[in-house]
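Undergrad: return a 3D structure for these sequence lines:
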Amino acid sequence: MATPSDLKGQEIVEIVNEIRDRVRARHPGGQIGGLPLPDLLPVLHARDRAEAKVAAIGSVNPRPSGPMNAVIQSIKRNIARGLGWFVRDQVDFNRAVLAAVEATLESLNEVNQTFAVIGGRFQEMEQGRGSLSDRAQAISDTLGGEVRELKDMREHWIHWREEWQQKLLQNEVRYLRGLADLQASYDARSAKMDENYRTLAANQHAHFEASLRRATDELQQRFWDDLEKMRREYESIIHNELRIARQKAFASAAVTDAPSNIAPSSSGAGEAPIELDYNRFSDRFRGTEEYVRERQRFYLQWFTGRSNVLDIGCGRGEFLALLKESGTTARGLDLDPESVALCRSKGLEAEVGDVFEWLAAQADASFDGIFASQVIEHLRPADVPRLMKLCAAKLKRDGVLALETPNPECLAIFATHFYLDPTHQRPVPPGLLVFYLEEFGFGRIEVHRLSPAAESMPSINELPQQFRDAFFGGLDYAAIAIRV
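TA: The predicted model follows:
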């Protein structure tokens, strides 16, 4: 008697046999009616392997756990995602090929089914002892249809494959062209960014240097202005202190000692003026107006741009003409009416007057500059410091005083020029003139030796250099001083 387990096992066997029959009916194999059918299992296994490879594209091989492996897996996944656009067409192509293989397998399976049907019929015909010709004709018809179907499939497969290769080539060309365009665009943009960066850096550097230069110049100018202001104040304080000390010493000495033998006097007091044509005298012994004007052009650097300049002893007006050309407001003062008339005929402002009386009548600090060329040697010794004091009173602060006179350090002046003018009193040495200027409130004093004696007396060049420089230097000298 069969047990329940035996019944269940029998049912399972029947179910397996039924499934096997269905599979064999769907996928026939082996021999049917003596006809061997093609074995499609190798093709199926190859298809399965290909599907596994296609499915593996874009995936990442697993690795053991750990921080380093996790980083490697993350990098692989990022690379796979980054290359997805690159392998997309290949994946599509692979899937299409697998689809074609699947369709081919289906067609071959259908061919096997057809062969199975043919084999079954052949068996039926054998069993039914049918006519051999009828069976051959049936087989021929069936095989002819299958052959035609296979031929049609082959032709379509070849056409589809050619189209697919052409499309793949076009896509590859388009992809490479797009990649080249992207590379060129990237290179152009990178070069543009680099150029913009360099330009921006150069502009910022130039702006920084310009700003630094302006700030440095402003700071330096402010420093020099402050230093100049401090120097003027220091010179003024020192001068006032020294003058007060000297005045105290002089006052105490005046109480106990005899009165001073130097008294202020006018330049012409007690003496009869010498009557001569001074313009003609100047032409012969001093030089032409053009010659004097060129020599006096040296002083323009201190007077150009000033507002009110006085030329003491203006003579023929050479320096007044230079000041007028430079746009400087100036007037002249001279004792000779003919010289003043000559200046006025040239359109220059000049008037006749005694320098001491005329200056005493002017307001204090009313002049921006005073010029006196070849004047102080005509004054008596006591009048020279008197003139310095008047000039200091009438000049503004930072006003300039320029004095030119024969240089007694040059021995040639006494043999040639000084005693040619009968109105000369006595020469004023540079050291004494500088002392007078310091005494009455002047600072930043410069002494310039002018008109080298060797120019008018070439024989001096035969003397030794040191001796020539010490005793035969400039025939004249100029003292330039600033009112502090």
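
Undergrad: spell out, range by range, the strands that occur in the stretch 251-400 of the chain.
TA: Using DSSP state E, counting those that start in this stretch, the strands of the stretch 251-400 of the chain run over 309-312, 330-334, 350-352, 367-373, 395-406.

Undergrad: can you list those strands in TSV and add mean neighbour count and distance to L437?
TA: Where you see a C-beta, it was placed from the backbone N, CA and C, and this is true even at glycine. Formatted as TSV, the strands of the stretch 251-400 of the chain follow (neighbours: other CB atoms under 10 Å; distance: least, CB to CB, whole Å):
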stretch	mean neighbour count	distance to L437
strand 309-312	24	15
strand 330-334	23	20
strand 350-352	17	26
strand 367-373	24	12
strand 395-406	22	7
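
Undergrad: nearest to R293, of those?
TA: Distance to R293, taken as CB to CB, is lowest for strand 367-373 among those, at 11.3 Å.

Undergrad: does anything pack onto the closest one? Which helices or strands?
TA: Secondary-structure packing of strand 367-373 (3 or more CB pairs under 8 Å, 6 or more residues apart in numbering; DSSP states H and E): helix 300-303, strand 309-312, helix 383-394, strand 395-406.

Undergrad: okay, the ones you listed in JSON lines with mean pLDDT and distance to H448 next?
TA: As requested, the helices and strands packed on strand 367-373 are exported to JSON lines (pLDDT from 0 to 100; distance: least, CB to CB, whole Å):
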{"stretch": "helix 300-303", "mean pLDDT": "90", "distance to H448": "11"}
{"stretch": "strand 309-312", "mean pLDDT": "93", "distance to H448": "18"}
{"stretch": "helix 383-394", "mean pLDDT": "92", "distance to H448": "18"}
{"stretch": "strand 395-406", "mean pLDDT": "92", "distance to H448": "9"}
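
Undergrad: D336: which of those is closest?
TA: Among these, strand 309-312 sits nearest to D336 (CB to CB), with 12.6 Å.

Undergrad: against which helices or strands is that closest one packed?
TA: Here strand 309-312 touches helix 318-325, strand 330-334, strand 367-373, going by 3+ CB pairs under 8 Å, 6+ apart.

Undergrad: any idea which helix or strand in the chain has the lowest mean pLDDT?
TA: Scoring the helices and strands of the chain by mean pLDDT, DSSP states H and E places strand 31-32 at the bottom, with a mean of 55.

Undergrad: coming back round to it: could I get the helices and strands packed on strand 309-312 as JSON lines with distance to M230 and mean pLDDT?
TA: Compiled in JSON lines, these are given as follows (distance: least, CB to CB, whole Å; pLDDT from 0 to 100):
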{"stretch": "helix 318-325", "distance to M230": "31", "mean pLDDT": "91"}
{"stretch": "strand 330-334", "distance to M230": "31", "mean pLDDT": "93"}
{"stretch": "strand 367-373", "distance to M230": "22", "mean pLDDT": "93"}
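
Undergrad: looking at these, spot the one closest to E110.
TA: Of all those, helix 318-325 sits nearest to E110, with 121.4 Å by CB to CB.

Undergrad: what packs against that closest one?
TA: Short answer (3+ CB pairs under 8 Å, 6+ apart): helix 318-325 packs on helix 289-296, helix 300-303, strand 309-312, strand 330-334.

Undergrad: just so I know, which of these lies nearest Q165?
TA: helix 300-303 (94.2 Å).

Undergrad: could I get the closest one in PDB with only the CA atoms?
TA: Extracted in PDB, the C-alpha atoms of helix 300-303 (Å, rounded to 0.1, in the frame of the first residue of the first chain):
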ATOM      1  CA  LEU A 300      66.000 135.900 -12.300                       C
ATOM      2  CA  GLN A 301      65.900 132.500 -10.500                       C
ATOM      3  CA  TRP A 302      65.400 134.300  -7.200                       C
ATOM      4  CA  PHE A 303      62.900 137.000  -8.400                       C
END
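
Undergrad: buried sites along it?
TA: 302-303 (16 or more other CB atoms under 10 Å).

Undergrad: contacts for it?
TA: Defining contact as CB atoms under 8 Å, 6 or more residues apart in numbering, one finds that helix 300-303 is touched by 309, 322-323, 326, 328, 330, 369, 371, 400, 402, 480.

Undergrad: quick revisit: distance to K229 added to the helices and strands packed on helix 318-325, as JSON lines?
TA: Listed next are the helices and strands packed on helix 318-325 as JSON lines, based on distance: least, CB to CB, whole Å:
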{"stretch": "helix 289-296", "distance to K229": "31"}
{"stretch": "helix 300-303", "distance to K229": "20"}
{"stretch": "strand 309-312", "distance to K229": "24"}
{"stretch": "strand 330-334", "distance to K229": "28"}
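
Undergrad: now T423. Its backbone dihedrals?
TA: When read as degrees, to the nearest 10, the backbone of T423 gives phi -90, psi 0.

Undergrad: separation between it and D336?
TA: According to CB to CB, to the nearest Å, T423 and D336 sit 11 Å apart.

Undergrad: with K53 instead?
TA: 125 Å.

Undergrad: looking at those two, which one has more neighbours?
TA: D336 (17 against 11; other CB atoms under 10 Å).

Undergrad: next, that one: phi, psi?
TA: phi -90, psi 120.

Undergrad: okay, now R293: neighbour count?
TA: 17.

Undergrad: give me the pLDDT for the most centrally placed residue in the chain.
TA: Taking CA atoms, centre = their mean as the criterion, A206 is the residue nearest the geometric centre of the chain, at 2.2 Å. As predicted, A206 sits at a pLDDT of 91.

Undergrad: hmm, F442 is touching K389, no?
TA: No: the criterion here is CB atoms under 8 Å, and F442 misses it with K389 at 10.6 Å.
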